[in-house]
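[1] next come a sequence and a model predicted from it.
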2 protein chains.
Amino acid sequence: MVQRQEPAGMELIHLLREVTLQLDLAGAQFAGRNGLHPTDLRALIGLLDAARAGVPSTPGRLGAHLGLNSAGTTALVDRLERLGLIRRVRDTRDRRRVLLEVDERAVALGQSFFGPLIDRTLALLDTFDTGERAAIRRFLDGVREAAQSP
Amino acid sequence: MVQRQEPAGMELIHLLREVTLQLDLAGAQFAGRNGLHPTDLRALIGLLDAARAGVPSTPGRLGAHLGLNSAGTTALVDRLERLGLIRRVRDTRDRRRVLLEVDERAVALGQSFFGPLIDRTLALLDTFDTGERAAIRRFLDGVREAAQSP
DNA sequence: CCTAATATCTCGCTCATCGAGATACTTGCC
DNA sequence: GGCAAGTATCTCGATGAGCGAGATATTAGG
């Protein structure tokens, strides 16, 4: 072995990376199977989250969330609308704005992807006690912050 | 509140999703800053992993790993080679094959991205005791399996 | 040897995304 | 009120990643 000795925690880091890779891959596969692109799926997730939180969605917000410019965002919204997953509705208060309403089909699609994954993860979480769950939460929170700082 | 009551574990699930989102975003930002596309970064990660494990890389393996077809793989390898991150070397044993050698620049680039993130995560892991680390590992392992099954 | 299998590459195309700018509407200032 | 500046979205043309089909070179098997 020519390699340098790795610190003990590296095993967990590789595991974490593996998890994100698998989740991404699952998303890409699901997207492909349903005739949408990875970006469309990410958009859908954002739209469903916003809808659940009661926050109104607009092309502007969506594009900013995904890091697209306005042209790309318009194309994205066109695709999602053509698929019948969302509807464009002019805002009556501010008539420059367009509100994006998610269709029932989109909710169902989201369920069909996340449902099984969520169920399995909830079942998994049931096998941990309170202290263990707290540790997991603190770990995930720490990683999130570590990823955020530049 | 019109929303349905969520199970207790949902909080952790959303946190996990947030983590993967932040990690993806960090990767995309880093890629953009260095003039490469998300796919190029994923390719680089795979190549560096293979190099560390002593497994020889070829366009075929790389393309399969990323889910690209042969045309896209050739274009990807062209890009990486043009950036000076890898070199193409004909295999002398099987002269149909091309071996991909990662340049020192690629290793340095990988370090500059993952280094700080890894350091911070290792420091974070130091704040957990053995039992807590075991719980985290079991959780990540379970999620990975949950994401893999169709 | 000669056919089948394998590894990579080339060509032409599609389509997501970008930059630049057009359009429509709102807000604030005089 | 009315006009300038700001904001939200969309249109147009261009760029480039990735795909399907097929070409080329090399190896393996009967």
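    Sure thing, it's come through.
[2] quick one: secondary structure of residue A:112?
    Here residue A:112 is recorded as helix under DSSP: H, G, I helix; E, B strand; the rest coil.
[3] burial of it, as a residue count?
    Residue A:112 has 11 neighbours, counted by other Cβ atoms under 10 Å in any protein chain shown. C-beta: built from backbone N, CA, C; applies to glycine.
[4] local confidence estimate at it?
    For residue A:112, the model assigns a pLDDT of 88.
[5] how much space separates it from DNA strand D?
    The gap separating residue A:112 from DNA strand D is 23 Å, by Cβ to the nearest atom of the strand, to the nearest Å.
[6] now do that residue against residue A:44, distance only.
    12 Å (Cβ to Cβ, to the nearest Å).
[7] ok, residue A:87 next?
    Where residue A:44 is concerned, residue A:87 sits at a distance of 14 Å (Cβ to Cβ).
[8] higher neighbour count, these two?
    Counted by other Cβ under 10 Å, residue A:87 and residue A:44 do not tie: residue A:44 has more neighbours, with 23 against 14.
[9] I'd guessed the more buried one sits against residue A:111; true?
    No - between residue A:44 and residue A:111 there is no contact under Cβ atoms under 8 Å: 11.4 Å.
[10] for the record, mean pLDDT for stretch A:85-98?
    In this model, stretch A:85-98 has an average pLDDT of 94.
[11] who's in contact with it?
    Residues from elsewhere that reach stretch A:85-98 (Cβ atoms under 8 Å, 6 or more residues apart in numbering or on different chains): A:44, A:47, A:58-60, A:77, A:80-81, A:99-103, A:105-106, A:109.
[12] just stretch A:121-135 next, same as before
    With contacts defined as Cβ under 8 Å, 6+ apart, stretch A:121-135 is touched by A:136, B:7, B:9-10, B:12-13, B:16, B:128, B:131-132, B:135-136, B:138-139, B:142-143, B:146.
[13] from those residues, list just the buried residues.
    Neighbour counting by 16 or more other Cβ atoms under 10 Å in any protein chain shown classes A:136, B:9, B:12-13, B:16, B:128, B:132, B:135-136, B:139, B:142-143, B:146 among the contacts of stretch A:121-135 as buried.
[14] ok, and for stretch A:102-112, which residues are buried?
    Here stretch A:102-112 shows A:102, A:106, A:107, A:109, A:110 as buried, counting by 16+ other Cβ under 10 Å.
[15] out of these, list just those in strands.
    Counting by DSSP state E, the part of those found in strands is residue A:102.
[16] make JSON lines out of the buried residues of stretch A:102-112 and add distance to DNA strand C.
    Listed next are the buried residues of stretch A:102-112 as JSON lines, based on distance: Cβ to the nearest atom of the strand, whole Å:
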{"residue": "A:102", "distance to DNA strand C": "18"}
{"residue": "A:106", "distance to DNA strand C": "17"}
{"residue": "A:107", "distance to DNA strand C": "22"}
{"residue": "A:109", "distance to DNA strand C": "17"}
{"residue": "A:110", "distance to DNA strand C": "19"}
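[17] ok, of the buried residues of stretch A:102-112, which one's closest to residue B:73?
    Nearest to residue B:73 among those, counting by Cβ to Cβ, is residue A:109 at 30.5 Å.
[18] quick check: that closest one touching residue A:41?
    No - counting by Cβ under 8 Å, residue A:109 sits too far from residue A:41 to count as a contact (9.1 Å).
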